[in-house]
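A.B. asks: here you go, sequence then predicted model.
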Amino acid sequence: MYRSRLLDTSRARMGVIQVMVLALMATLGGRLWYLQVRSGPHYRAAAAANDLRTVATPAVRGAILDDQGHPLVDNRTTLEVTVDLDTLRGEPNGGAVVLGRLATLLGQSEQQLAEKLRLCSPTVTQPCWAGSPYQPVPVATDVPAGVGLEILEEGEKFPGVTAQPAALRTYPAPFGANAAQILGYLSPVTPAELSKPGSDLQPTDMVGRAGLEQQYDAVLRGRPGVAEVAVDSLGRAVRTVSRRAAVPGDDVVTTIDAHIQAIAEKALADAVNATHGVWDSNTGSYGKANSGAVVVLDVNTGAVVAMASYPTYDPNVWTGGISSAAYARLAGANPTPLLDRAYQGEYPPGSTFKAVTTSAMLNDGFPAGGSYDCSPDFAIGRQDFHNFEGEAYGPISLKRAIEVSCDTVFYRVAYQMWLKDGGNNPVAHPLDPVQTMALDFGLGSKTGLDLPGEATGLIQDRAEKLSSWQANKADWCAHAQSGYPDVAAHDPTRAAYLKELARENCLDGFQFRGGDAVLEAIGQGGVEVTPLQLARIYATVANGGTLYRPHLLKAVLAPNGKVISTYKPQVVAHVPISPAARAFMINAFEGVSQAGTASGVYSAWPQNQIPVGAKTGTADVYGQNPTSVFASFLPADHPEYAVAMMVPQGGQGAQISGPAIEKIEEAMFGVQNGKAVPATALLPTPPARLPAITPGGRLPVTFPYPQQWPPAPPTPQAAALPSATDTTPSPGRSRR
């Protein structure tokens, strides 16, 4: 009986186990069916994806050329040492001994080398390798040929290490032209740029960050080569599945003339340095200029012929990657050379703004042949507005008022215009002729120059004053009560003035007062322009009112020299300057250079051969030496170019900026010893054609190493290779 019960219990237990086993088998079978049948395609695709790795090959970046074909930015060949991580992993201790030998040979520490070989990630930042682990990692550039030969000849000591030529960005500086701010620089692509929808960037790409490199990055960059590499379960590359060749970038031809650019840069630097020896009787000190800018503009197209900014720096500092210390020195300098003051600097134009005021006067009905009172000062209520250095010429013509730059003539005219608009109680739709004309000239907004980060300048009209008051009222009212104790500690007179100004602005700072109108008429008060905007004013007057968009792009060329596109001048607007008004102003500005405030600048200039229209400016800035300003256009009888220079704390325009501009114009038109010598003129007229390129295409890079690497044994007939400093003109480009 007992035995029977045990057998029944055992059978029951076996049944339970059998059921459990069957259940497990059914579950396992169902899971296998789900994985292999239902989800099979998904997992097969995922497995295939895990077996492939993408390897990118950077494309050769296009060159940036001047209007004659001289390379402003190009590529040169450097000898580069690379390490294959896949090979290194197969060495004892992950190749530690190999890396130790290589570090010693390259003059680097083992830690420096290891950092370059580690893969970048969200937690690992530069220095690191942003590319694929399945492509060689560059660890040194500009390696001496002897080092490269040692690596190749003793390959058993350096498995996975090789030396080969590679392209490196370079800035040749033809004729000494620097143009650092115009050209810009490159830096590694960011994760945000890689993840941007539609981006074809690769982790190893370099991207333009400023200047033309940024503006035309998509044109210059080309298309990287991409290969898909199959890897095994241990992560070792076994074969190349597909490959797309790299497509080199296109060349950008600019409107810059490298020779004139170099001369403009030198003239500007000389002008800034010259201020330190010029005594300013108004401030009782020597000039203290440490910055400035100059622009040369094609009057009839808006093309930028030259654009120099001071201070500047050597753009080659970016080649191969800039160190954090070097970048900190550039960014932290005061003034920083990274700012292009030609289109990003904003300064009061002083009397050069009278070109705008005169245009407004003539358009508003003031007679060009009338008589105007040039008194020593002009009063509005309790405030006196003085002529420069108290000069007084009595009743004079408008032409003479421009020639001698009589401020009080323009004060009176501006005040009359303001009163006509209703004064402090303006009519429903005030005309504001001067401010309206300034806006017509494009002031107070970007010119549209094809460079990033352009400044707008300022034209303070009624709308801007109201907007400013709404934004600053609370601050002004607070200072009206508390004053400026920090300023009072060292300048109580200034602090008292600021407190009174804050009180007035708190109460009615939205009003466009008579004082605002008269100051703006002479380019002071609420007027700030960039040197580029100033040059465009005079270009527009000279061509009769056509406002062009300034531009640096001239054409885009394929690597084989084929013209892909050319830039067509863009007309932004037509400024209301009648033919009679243009003729009057051309004549008046000629008078400035012949018998006015700029006559000393052009005392030895051949006016009978190349007439010049010019205007001086000396803009007051509280607590500083004046800003030296000068603008001109020439030849006045058939204008080709407008030139403008602004030097903060530089003093009078006729003393500093004027002579510097005259030096630039001498070179352009071949003026020597007071005579025009056409054979020496560098750019009497803008070039009509694109630079010629041979069927060979792209500019040859300068090879400090043979293109064949390792180099072939020398033969008696072998020609000498050009050195890294070889200045022989590249074949296929026209040269001057």
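C.D. replies: Done, it's in. Given the structure is predicted, the values throughout are model-derived calculations rather than measurements.

A.B. asks: all strands of the stretch 501-650 of the chain, in order?
C.D. replies: 527-528, 546-548, 553-557, 563-566, 571-574, 613-619, 627-634, 641-647 (DSSP state E, counting those that start in this stretch).

A.B. asks: the stretch 1-150 of the chain now?
C.D. replies: 52-57, 64-65, 71-83, 137-140.

A.B. asks: what's the closest of the strands of the stretch 501-650 of the chain to Y497?
C.D. replies: strand 613-619 (19.3 Å; CB to CB). C-betas here are computed from N, CA, C, even on glycine.

A.B. asks: ok, the closest one: who's next to it in the sheet?
C.D. replies: strand 627-634 (antiparallel) (DSSP bridges).

A.B. asks: and the partner strand with strand 641-647, angle?
C.D. replies: Here strand 627-634 runs at an angle of 170 degrees relative to strand 641-647 (axes from the mean of the first three to the mean of the last three CA atoms, to 10 degrees).

A.B. asks: figure out how far strand 627-634 is from the centre of its chain.
C.D. replies: 23 Å (CA atoms, centre = their mean, to the nearest Å).

A.B. asks: so for it, mean pLDDT?
C.D. replies: Within the predicted structure, the mean pLDDT of strand 627-634 is 98.

A.B. asks: and for stretch 549-557?
C.D. replies: pLDDT averaged over stretch 549-557 gives 97.

A.B. asks: try stretch 133-144
C.D. replies: 82.

A.B. asks: quick one on the thing from earlier: could you work out which of the strands of the stretch 501-650 of the chain reaches nearest to Q68?
C.D. replies: Among the strands of the stretch 501-650 of the chain, if distance is taken as CB to CB, the winner is strand 553-557, at 10.6 Å.

A.B. asks: that closest one pairs with which strands, parallel or anti?
C.D. replies: strand 251-254 (antiparallel), strand 563-566 (antiparallel).

A.B. asks: which residues sit against the last one?
C.D. replies: Spelled out, that is strand 563-566. 250, 554-558, 690 (CB atoms under 8 Å, 6 or more residues apart in numbering).

A.B. asks: ok, and for stretch 678-685, which residues are buried?
C.D. replies: 681-683 (16 or more other CB atoms under 10 Å).

A.B. asks: now, which of those residues sits nearest N424?
C.D. replies: L683 (51.0 Å).

A.B. asks: wait, isn't that closest one in contact with I260?
C.D. replies: Yes: with contact defined as CB atoms under 8 Å, L683 reaches I260; the gap is 5.6 Å.

A.B. asks: name the residues contacting each of these two.
C.D. replies: 305, 668.

A.B. asks: who touches the residue nearest to the spatial centre of the chain in this structure?
C.D. replies: What sits nearest the mean C-alpha location of the chain, by CA atoms, centre = their mean, is G211, with 3.0 Å. Shown in contact with G211 (CB under 8 Å, 6+ apart): 181-185, 340, 451-452.

A.B. asks: can you list the domains in the protein?
C.D. replies: 53-254, 258-338+530-680, 462-511 (automatic domain parsing).

A.B. asks: re earlier: of the strands of the stretch 1-150 of the chain, which is nearest G146?
C.D. replies: Nearest of the strands of the stretch 1-150 of the chain (CB to CB): strand 71-83, 10.2 Å.

A.B. asks: who does that closest one pair up with?
C.D. replies: strand 64-65 (antiparallel), strand 137-140 (antiparallel), strand 161-170 (antiparallel).

A.B. asks: all strands for the stretch 151-300 of the chain, in order.
C.D. replies: Using DSSP E, counting those that start in this stretch, strands in the stretch 151-300 of the chain cover 161-170, 186-188, 206-208, 225-231, 237-244, 251-254, 279-280, 285-286, 292-298.

A.B. asks: coming back round to it: which one of the buried residues of stretch 678-685 is nearest to D461?
C.D. replies: Using CB to CB, the buried residues of stretch 678-685 come closest to D461 at L683, 38.0 Å.

A.B. asks: tell me the spatial nearest neighbour of the closest one, not counting adjacent residues.
C.D. replies: M668 (4.8 Å; CB to CB, 6 or more residues apart in numbering).

A.B. asks: in a helix, that neighbour, correct?
C.D. replies: Yes: if the criterion is DSSP: H, G, I helix; E, B strand; the rest coil, then M668 is within a helix.
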